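Novice: below are the sequence and a predicted model for it; my questions follow.
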Amino acid sequence: MAYWTLLKKELWSIFVSPVAYAVLTACAFSISAIFVYCFSAINQQNVTSISVLQATATLPTFWILVMFQVPVMTMRTFAEEFKMGTMEMLLTAPIREWEVVLAKYTASLIFYTLAWVPLAVNVFYLHVLTNPPVPFYVWPATLTFLAIFLFGMFFVSVGIFTSVITRNQIVSAILAFVFIFVYFCIGLLSYLNLDPWKIAVFGFSFTLDVREIASYMSALEHLTTFARGIFDTRPVVLYVSGTMLMLFLTQRALLARRLQS
């Protein structure tokens, strides 16, 4: 199957580049620094109502890292093909658009997942090396990493889409960053005191609760809920659906480029 061949090619192109290791190193350093900071703050203030992992995942610095991390990881996926002049060969090859999109998406998602391994390592060592050992709660930790993975699924698909609609890596990264930033800001509307909007269209009137919609889309609220050990299927449906939509749009954009070539 062409998908597996393309996936191997994408993984090779990612990890043969020194940029990938620079990104992984920067992510490892940033994640570890955030984790150590949260541990020190909780330890000094003797806080027992929140775990170090939960504090790490809800810190603003954590979200800043995500906003910059994903665009950098995905900006090369299709834009690099244009830069290297291999896009024409890819578009004329006897392979389906879905195979190309899924191969690039899977490789980028693997790259994203590897970047979060240091967080799991920090959690493990915190439990093993401390005396007395810091309590480790499996279910909240599992849900926290699940939430981070769900964010990655959706945001990586956004990065793949912005990469296919532009020929420039920097433009692709900027577009992906703006999308993720705006999405995060929409979720913050749930914390504002906003009254429901009354809308009338063609004689029909209905009430639009902006706070409720923003709460449903709030990445911060999703991660906070999961970090507490509360599993909610709504974020899963939201991010899986969003991922499928973005991959579909990417496939259509790639098909349009193929028809133009």
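Specialist: That came through fine.

Novice: quick one, phi psi at I165?
Specialist: phi -90, psi 0 (degrees, to the nearest 10).

Novice: surely it and R252 touch.
Specialist: No. Distance between I165 and R252: 10.4 Å, which falls outside the contact criterion (Cβ atoms under 8 Å). In this view, the C-beta of every residue, glycine as well, is placed from N, C-alpha and C.

Novice: now do the contacts for S51.
Specialist: Contacts of S51 were listed using Cβ atoms under 8 Å, 6 or more residues apart in numbering, and they are P135, Y137, P140, A141, A227.

Novice: count of residues packed around I95?
Specialist: 16 (other Cβ atoms under 10 Å).

Novice: before we move on, what about the one 4 residues further on?
Specialist: By the criterion of other Cβ under 10 Å, E99 has 18 neighbours.

Novice: show me what contacts M73?
Specialist: Contact partners of M73, counting by Cβ under 8 Å, 6+ apart, are V23, S108, F111, Y112, A115, V156, G159.

Novice: tell me which residues of stretch 55-74 come out buried.
Specialist: Residues of stretch 55-74 classed as buried by neighbour count (16 or more other Cβ atoms under 10 Å): 55-59, 62-63, 65-74.

Novice: what does stretch 179-197 give?
Specialist: Buried residues in stretch 179-197 (16+ other Cβ under 10 Å): F179, I180, Y183, F184, G187, S190.

Novice: ok, now which ones touch the spatially closest residue to F39 that is not a sequence neighbour?
Specialist: With Cβ to Cβ, 6 or more residues apart in numbering as the measure, V52 is the residue that lies nearest to F39, at 4.8 Å, once sequence neighbours are left out. Neighbouring residues of V52 by Cβ under 8 Å, 6+ apart: F35, C38, F39, I42, V123, L126, V134.

Novice: out of the residues you listed, give me the two with the largest separation.
Specialist: For the contacts of V52, the maximum inter-member distance is 13.4 Å, found between I42 and V123 (Cβ to Cβ).

Novice: now do the SS call for M73.
Specialist: Taking DSSP: H, G, I helix; E, B strand; the rest coil as the rule, one finds M73 in the helix state.

Novice: what about stretch 77-97, start to end distance?
Specialist: Distances were taken as Cα to Cα, to the nearest Å; on that basis the terminal residues of stretch 77-97 are 14 Å apart.

Novice: A helix includes T25, no?
Specialist: Yes. Judged by three-state DSSP, T25 forms part of a helix.

Novice: tell me the contacts of it?
Specialist: Contact analysis of T25 by Cβ under 8 Å, 6+ apart lists nothing.

Novice: so for it, what's the pLDDT?
Specialist: pLDDT, T25: 94.
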